[in-house]
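Novice: I would like the atomic coordinates for the input below:
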Amino acid sequence: MIKGYAGRILEVNLSRRSFEYKPLDEETARLYIGGKGYGTRLLYDRTEAGIDALGPDNPLIFATGPHNGSAAVL
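Specialist: Residues are numbered from 1 along each chain as shown. Purely as a prediction, here's the structure:
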């Protein structure tokens, strides 16, 4: 596991009131470093072209990176 990451993703479905833990894709985390990069990649992979930005099928992603909560300043 990559240091600084929790090793999993929490997916919450508000319509069904359910949640599921999924494993972190380490290769993607290495390519798109940090919460912004990984979160942007997730958004790109899970969003169809032309989707309504405020529609119910558009994902809302909160992503933290490996430096979250540390004294590191980037």
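Novice: and Pro56, backbone torsions?
Specialist: phi -70, psi -20 (degrees, to the nearest 10).
Novice: burial count for the closest residue to it other than its chain neighbours?
Specialist: In space, and not counting its chain neighbours, Pro56 is closest to Ser15: 7.1 Å by Cβ to Cβ, 6 or more residues apart in numbering. In this view, the C-beta of every residue, glycine as well, is placed from N, C-alpha and C. Ser15 is flanked by 7 other residues according to other Cβ atoms under 10 Å.
Novice: with Tyr38 instead?
Specialist: 24.
Novice: check Asn58 too.
Specialist: 13.
Novice: so it makes contact with Ala49?
Specialist: No. Contact status for Asn58 versus Ala49: not in contact, 12.0 Å apart, counting by Cβ atoms under 8 Å.
Novice: okay, the nearest residue in space to Ala6 that is not next to it in sequence and Thr40: tell me how far apart.
Specialist: What sits nearest to Ala6 in space, not counting adjacent residues and going by Cβ to Cβ, 6+ apart, is Leu24, at 7.3 Å. Remark: distance between Leu24 and Thr40 (Cβ to Cβ, to the nearest Å) = 15 Å.
Novice: strands of this structure, start to end?
Specialist: Assigned by DSSP state E, the chain shows strands spanning 8-13, 18-23.
Novice: what does the first one contact?
Specialist: In this case it means strand 8-13. Ser18, Phe19, Glu20, Tyr21, Lys22, Pro23, Leu24, Leu42 (Cβ atoms under 8 Å, 6 or more residues apart in numbering).
Novice: quick check: longest helix of this protein.
Specialist: helix 34-46 (DSSP state H).
Novice: keeping just the C-alphas, turn that one into CSV.
Specialist: Output of helix 34-46 as CSV, limited to C-alpha atoms (Å, rounded to 0.1, in the frame of the first residue of the first chain):
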residue,chain,number,x,y,z
GLY,A,34,-2.8,13.8,-4.1
GLY,A,35,-6.5,14.2,-3.4
LYS,A,36,-7.0,16.7,-6.3
GLY,A,37,-5.4,14.4,-8.9
TYR,A,38,-7.1,11.2,-7.7
GLY,A,39,-10.4,12.9,-7.3
THR,A,40,-10.3,14.5,-10.7
ARG,A,41,-9.5,11.1,-12.3
LEU,A,42,-12.4,9.5,-10.4
LEU,A,43,-14.7,12.2,-11.7
TYR,A,44,-13.5,11.8,-15.2
ASP,A,45,-14.0,8.0,-15.1
ARG,A,46,-17.4,8.1,-13.6
